[in-house]
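Engineer: no letters, just coordinates:
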């Protein structure tokens with residue numbers, strides 16, 4: 001997932017699994033694949049990988065970069081094994097949503113590379129969930145985050161948000177999935193600048209011709225390599241075990257706030273696994289208003305049976321305790337090539353004067369690699385009202401589009417979603433913005 005602060009997350013898996021080619025991350029909260037006792041023995045419905053294969057639509061070249069990624073997978077069979085083990089939990093629902101939107105099934109493999117199909121994981125730089133959303137992108141696509149709830153780790157919500165973002169990128173790059181997928185990793189601005197640079201030099205502007213950072217150059221061929229191996233495992237001498245083509249996780253509706261670990265103990269379900277499956281409830285406590293808990297299908301009956309006798313948690317007290325523990329933290333940013341105080345100030349919503357004062361800068365000159373303080377942040381704490389859609393709003397206004405702006409970037413900087421920005425300006429999904437255009441900024445909801 002795009003974020004210019006994410007360089008480190010592509011190396012976490014290297015340290016954990018000694019697999020230097022995989023760009024996904026490993027959960028910092030511990031835990032990996034769910035065991036058969038927790039998930040139960042699931043069969044029937046056919047092979048889900050066959051369904052994935054039949055839905056593939058993107059033309060995948062067999063070039064040296066794709067071959068190189070295939071070779072890496074072949075040399076590291078345990079990576080494929082881990083992907084397949086984890087896919088049993090969430091892949092079915094991802095496939096269902098991709099089919100509903102009539103999108104190419106190659107997109108179902110993005111979270112295999114991003115997170116090894118693990119919804120609970122965080123990266124060192126703060127990306128989270130199946131699709132590894134960073135905070136700003138998550139908020140722009142409706143994934144609220146607080147000390148108590150992080151919807152980037154909700155498999156259903158994050159899948160919807162990720163596909164919204166990928167569809168936006170697909171439109172932004174005029175229907176080119178190679179560029180859209182690359183931008184999911186590297187950012188649309190980065191890809192667009194590389195295209196413009198090639199165009200000025202009279203070079204092709206397709207993905208395979210762009211000179212971009214290695215992580216993004218490897219990202220698209222890595223997904224395509226996995227797709228080709230799923231389609232023809234015998235040809236590439238890899239093992240792709242069948243996955244039942246059916247849902248193994250159910251959502252159980254709640255009407256009170258509960259402690260998930262306590263519920264697991266009473267229902268004789270592995271508490272660590274159930275808490276990890278519901279890791280979007282950061283503290284393991286569900287909100288007091290209606291919410292749902294993810295439970296393996298074969299544990300549903302026992303879980304429901306203990307619900308009436310579970311102690312109801314005082315959600316307001318939980319919120320108050322979380323607020324008391326929340327402390328402002330200094331945010332840092334590492335200067336990259338092409339950065340300026342102006343760009344950084346826009347990115348983090350702080351003034352140039354404030355940046356200079358915080359970092360004791362006497363001039364506007366920045367050194368690549370310098371670590372800058374970019375303000376303080378306190379993670380928001382969800383209350384009963386703010387966990388729903390709060391009616392409190394901030395001031396609205398307008399914004400004049402500048403060269404290099406994107407709808408995503410504008411939406412993020414104003415704390416609103418891309419959809420809200422499009423709707424407020426009467427824009428269709430494929431409408432593009434132009435420098436000098438003035439956009440109306442809707443009032444952003446505040447938690």
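Structural biologist: Good, I have the coordinates. No experiment lies behind these values; they were computed from the predicted model shown.

Engineer: hang on, isn't residue 336 packed against residue 370?
Structural biologist: No - using C-beta atoms under 8 Å, residue 336 makes no contact with residue 370, being 10.0 Å away. Yep, even glycine has a C-beta here, placed from its N, CA and C like the rest.

Engineer: domains of this protein?
Structural biologist: Here the domain parsing of the chain from automatic domain parsing is 7-236, 249-325, 328-377, 390-447.

Engineer: quick check: mean pLDDT of the third one?
Structural biologist: Rounded to a whole number, the mean pLDDT of domain 328-377 is 85.

Engineer: distance between it and the chain's centre?
Structural biologist: Centroid displacement of domain 328-377 relative to its chain, using C-alpha atoms, centre = their mean, to the nearest Å, is 25 Å.

Engineer: quick check: end-to-end length of stretch 49-61?
Structural biologist: 21 Å (C-alpha to C-alpha, to the nearest Å).

Engineer: tell me which helix or strand comes right after the longest helix along the chain.
Structural biologist: Among the segments of the chain that qualify as a helix by DSSP state H, the longest is helix 77-100. Next helix or strand after helix 77-100 toward the C-terminus (DSSP states H and E): helix 110-115.

Engineer: who are the packing partners of that next one?
Structural biologist: Applying 3 or more C-beta pairs under 8 Å, 6 or more residues apart in numbering; DSSP states H and E, we find helix 110-115 packed against helix 77-100, helix 155-172, helix 214-231.

Engineer: between the longest one and helix 155-172, how big is the angle?
Structural biologist: For helix 77-100 against helix 155-172, the angle between stretch directions is 80 degrees (axes from the mean of the first three to the mean of the last three C-alpha atoms, to 10 degrees).

Engineer: any idea of the angle helix 77-100 forms with helix 214-231?
Structural biologist: 80 degrees.

Engineer: cool, the second one as well?
Structural biologist: Comparing the axes of helix 155-172 and helix 214-231 via the same axes, to 10 degrees yields an angle of 110 degrees.

Engineer: angle of whichever helix or strand comes after helix 155-172 against helix 155-172?
Structural biologist: Later in the chain than helix 155-172, the nearest helix or strand by DSSP H and E is helix 177-186. Interaxial angle of helix 177-186 relative to helix 155-172 (the same axes, to 10 degrees): 120 degrees.

Engineer: which residues does helix 177-186 contact?
Structural biologist: 1-2, 23, 58, 104, 106-107, 110, 162, 165-166, 169-170, 172-173, 190-191, 195, 206-208, 210, 212-213, 215-216, 219-220, 223 (C-beta atoms under 8 Å, 6 or more residues apart in numbering).

Engineer: distance to residue 343 and mean pLDDT added to the helices and strands packed on helix 110-115, as CSV?
Structural biologist: Shown next, in CSV, are the helices and strands packed on helix 110-115 (distance: least, C-beta to C-beta, whole Å; pLDDT from 0 to 100):
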stretch, distance to residue 343, mean pLDDT
helix 77-100, 35, 96
helix 155-172, 20, 96
helix 214-231, 19, 97
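
Engineer: now for these, which one comes closest to residue 255?
Structural biologist: helix 155-172 (19.5 Å; C-beta to C-beta).

Engineer: show me what counts as buried in the closest one.
Structural biologist: Of all the residues in helix 155-172, those buried under the rule 16 or more other C-beta atoms under 10 Å are 155-166, 168-172.

Engineer: let me have the helices and strands packed on helix 110-115 in TSV, extended by distance to residue 240.
Structural biologist: Converted to TSV, the helices and strands packed on helix 110-115 look like this (distance: least, C-beta to C-beta, whole Å):
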stretch	distance to residue 240
helix 77-100	7
helix 155-172	22
helix 214-231	6
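
Engineer: closest one to residue 251 among those?
Structural biologist: Of the helices and strands packed on helix 110-115, the one closest to residue 251 (C-beta to C-beta) turns out to be helix 155-172, at 7.9 Å.

Engineer: other SSEs contacting that closest one?
Structural biologist: Counting by 3+ C-beta pairs under 8 Å, 6+ apart, helix 155-172 packs on helix 77-100, helix 110-115, helix 135-140, helix 177-186, helix 407-413, helix 418-424.

Engineer: again, only using 7 Å
Structural biologist: Here helix 155-172 touches helix 77-100, helix 177-186, going by 3 or more C-beta pairs under 7 Å, 6 or more residues apart in numbering; DSSP states H and E.

Engineer: pick the most deeply packed of those helices.
Structural biologist: Of all those, helix 177-186 has the most neighbours on average by mean count of other C-beta atoms under 10 Å, namely a mean of 25.

Engineer: can I get the helices and strands packed on helix 155-172 in TSV with distance to residue 274?
Structural biologist: Listed next are the helices and strands packed on helix 155-172 as TSV, based on distance: least, C-beta to C-beta, whole Å:
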stretch	distance to residue 274
helix 77-100	12
helix 177-186	30
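
Engineer: all helices of the stretch 301-447 of the chain, in order?
Structural biologist: Secondary structure of the stretch 301-447 of the chain (DSSP state H, counting those that start in this stretch): helices at 315-325, 341-348, 352-359, 384-387, 407-413, 418-424.

Engineer: run the angle between the second one and helix 352-359 for me.
Structural biologist: Going back to what we said before, that points to helix 341-348. Using the same axes, to 10 degrees: helix 341-348 against helix 352-359 is 90 degrees.
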